[in-house]
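In: next comes the sequence, and after it the predicted model I'd like to discuss.
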Amino acid sequence: MSFKAKNVCRNYTSAGSVIVSAFITSIGEILIDFLPIEVGGTTTGFTMHPGGGPFNVAVGIARLGQPVAFASKISADFFGRYLRAYATSQQIDTRFLATDDRALSTLAFVAREGGEPSFTFYGNETADTRLTADDLPDTFFDETAILHFGGISLLRGTTPDAILHAAERLHGKALLSFDPNWRPALVRDEEAYRDLLRRLFALADIVKLSVADIACLAPNQPVERVGADLLAAGAALVVVTRGSQGVLALRSSATGEPQRWEVPSFSVRVMDTVGAGDAYSAGLLAGLAERGVDSRAALLALPPEKMRAILHFAAATAALTCTRAGANPPHRAEVDLFLAGQA
């Protein structure tokens, strides 16, 4: 695939660094994942990796060759300085990444239990929970054509209200992508959380979620029924990742009967599933951006065969992420080479 994103311009500071008017902006948590070092099946230590669902998505989009910005609040501590430098090294526009010198960075320790990742978060009153609407400048709203949000940033501090404000203000002006990435152990007030999710589902054009999210959102409900309900709530496209069972996607149609795609997963040697869902979102949004899809109308008008190709590309991006440790999404050349080998 060889397409160029539209509405992208580059300016240069006096120091020569590049500032990109972002085609895609991801907003939410940015943190340090400490991944386990295991000896004989016992965790003996941890290694440090940049993390946070929306930040992982921004990294993935950048590596797939699309201009991307990241919006959040970041600490001035060692970890915050490390994360800012890492974002810059990944060619992510950091103009909307505010510094908070009164708060520490969020830390997440990842262990493995029963073959699945288990997370322990240290994030009370940390920098990325303190984002406010006032931290988002007019340029954020003027230059964002696709906005991605979700994750644990919806659970703590003032950041949930800031994200809701951003989504409300960009509704109908930008393409809105939402991945709830529900973490049951972190939800303190489920009623308030569900109310926020309902408001965001009504605003989002794209809802991407996993079968684990659906088990929390609508226990014992069939996946396809939940997808149809989310379309009725306001989404134009609902994408459900189902692990080895592949992806189910539903899109609104003028007939009232959703358009439906089932895209199989790729067979790879799995090292780690951390970040796979974020990589899928990155592949999905990068694929849409390459085709100039930056509005709900353009998403609904996208020909079915092109929609399937994008879903296939996103699945390949996620599959490659599973072949390596941590949230480490692939670069565009890797995805292209992988897909060429599948032909």
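Out: It's in. Residues are numbered from 1 along each chain as shown.

In: and F109, which of the three is it?
Out: Classification of F109 by DSSP: H, G, I helix; E, B strand; the rest coil places it in strand.

In: list the residues that contact it.
Out: Residues in contact with F109, defined by Cβ atoms under 8 Å, 6 or more residues apart in numbering, are D33, F34, F46, F119, T120, Y122. Using the backbone N, CA and C atoms, a C-beta is placed for each residue, glycine as well.

In: top of those by neighbour count?
Out: D33 (23 neighbours; other Cβ atoms under 10 Å).

In: and the nearest residue to that one once chain neighbours are set aside, what does it touch?
Out: When the adjacent residues along the chain are set aside, D33 lies closest to G51, with 3.4 Å between them (Cβ to Cβ, 6 or more residues apart in numbering). G51 is in contact with I30, L31, I32, D33, A108, G275, G326, A327, counting by Cβ under 8 Å, 6+ apart.

In: which strands and helices sit next to the helix or strand L288 falls within?
Out: Using DSSP states H and E, L288 falls within helix 276-290. Under the contact criterion of 3 or more Cβ pairs under 8 Å, 6 or more residues apart in numbering; DSSP states H and E, helix 276-290 touches strand 24-27, helix 53-63, strand 146-150, strand 175-179, strand 206-210, strand 237-241, helix 304-321.

In: run the last query once more with 7 Å
Out: helix 53-63, strand 146-150, strand 175-179, strand 206-210, strand 237-241, helix 304-321 (3 or more Cβ pairs under 7 Å, 6 or more residues apart in numbering; DSSP states H and E).

In: packing partners of the very next helix or strand once past the fifth one?
Out: The C-terminal neighbour of strand 237-241 among helices and strands, as given by DSSP H and E, is strand 247-251. Judged by 3+ Cβ pairs under 7 Å, 6+ apart, the packing partners of strand 247-251 are helix 223-233, strand 237-241, strand 259-263, helix 304-321.

In: where does the stretch 51-200 of the chain have low pLDDT?
Out: By pLDDT under 70, the weakly predicted segments of the stretch 51-200 of the chain are 115-117.

In: can you do 90?
Out: Residues of the stretch 51-200 of the chain that meet the criterion pLDDT under 90 lie in 110-121, 185.
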